[in-house]
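Chemist: quick one, structure for this:
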Amino acid sequence: MGFAYAFYISPEWRACREGYLKSVGGLCERCLAKGKINAGDRRHPIEVHHKIRLTPETIKQPEVALNFANLEALCWQCHREEHHPTIRWRCDQNGHVEL
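Modeler: Numbering: from 1, shown residues only. As a prediction, the model looks like this:
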């Protein structure tokens, strides 16, 4: 995702990301919907996911790239499942593989 590097280090994205995480309490929204509290950890912090994926075209559109309505706070496991839904294993908090 080389086209997005400058965006992800920009002050605009960092402020948007921080503001969004604060607005949802810093928790994974999908885990929370399942009744699980997941605030991530140092090794795997909560990520801010774009529902409409960024492309070289959409990254230039603030209504896509910087809009809270297009964002979702996800733990690393939920984010991986979003991008790689066919992977059937995951790791616990200690890095051990779970099937």
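Chemist: confirm R17 sits in a helix?
Modeler: Yes: counting by DSSP: H, G, I helix; E, B strand; the rest coil, one finds R17 located in a helix.
Chemist: and it, how many residues sit next to it?
Modeler: Applying other CB atoms under 10 Å, we find 17 residues neighbouring R17. Heads up, the C-betas are built off the backbone N, CA and C, glycines and all.
Chemist: go on, the one 5 residues further on?
Modeler: Neighbour count of K22, defined by other CB under 10 Å: 9.
Chemist: mind checking how far it is from E47?
Modeler: K22 sits 15 Å away from E47, going by CB to CB, to the nearest Å.
Chemist: then I59?
Modeler: Plainly put, I59 is 17 Å away from E47 if you go by CB to CB.
Chemist: over to R30?
Modeler: In this view, R30 and E47 are 11 Å apart by CB to CB.
Chemist: and for the two, which residues touch both?
Modeler: Listed as contacting both R30 and E47 by CB atoms under 8 Å, 6 or more residues apart in numbering are L74, C75.
Chemist: A73 belongs to a strand?
Modeler: Yes: judged by three-state DSSP, A73 forms part of a strand.
Chemist: burial count for it?
Modeler: A73: 26 neighbours (other CB under 10 Å).
Chemist: who does it form a beta bridge with?
Modeler: Bridge pairing for A73 (DSSP bridges) gives the partners V48.
Chemist: isn't it right next to V24, touching?
Modeler: Yes: counting by CB atoms under 8 Å, A73 touches V24, with 4.9 Å between them.
Chemist: quick check: closest non-adjacent residue to S23.
Modeler: Spatial nearest neighbour of S23, excluding adjacent residues (CB to CB, 6 or more residues apart in numbering): F68 at 6.7 Å.
Chemist: low-confidence stretches in the protein?
Modeler: Residues of the chain that meet the criterion pLDDT under 70 lie in 1, 85-90, 93, 98-99.
Chemist: quick one, helices of it?
Modeler: Taking DSSP state H as the criterion, the chain contains helices spanning 5-8, 11-23, 29-33, 62-65, 76-83.
Chemist: and these as JSON lines, adding distance to H96?
Modeler: Formatted as JSON lines, those follow (distance: least, CB to CB, whole Å):
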{"stretch": "helix 5-8", "distance to H96": "30"}
{"stretch": "helix 11-23", "distance to H96": "27"}
{"stretch": "helix 29-33", "distance to H96": "19"}
{"stretch": "helix 62-65", "distance to H96": "36"}
{"stretch": "helix 76-83", "distance to H96": "13"}
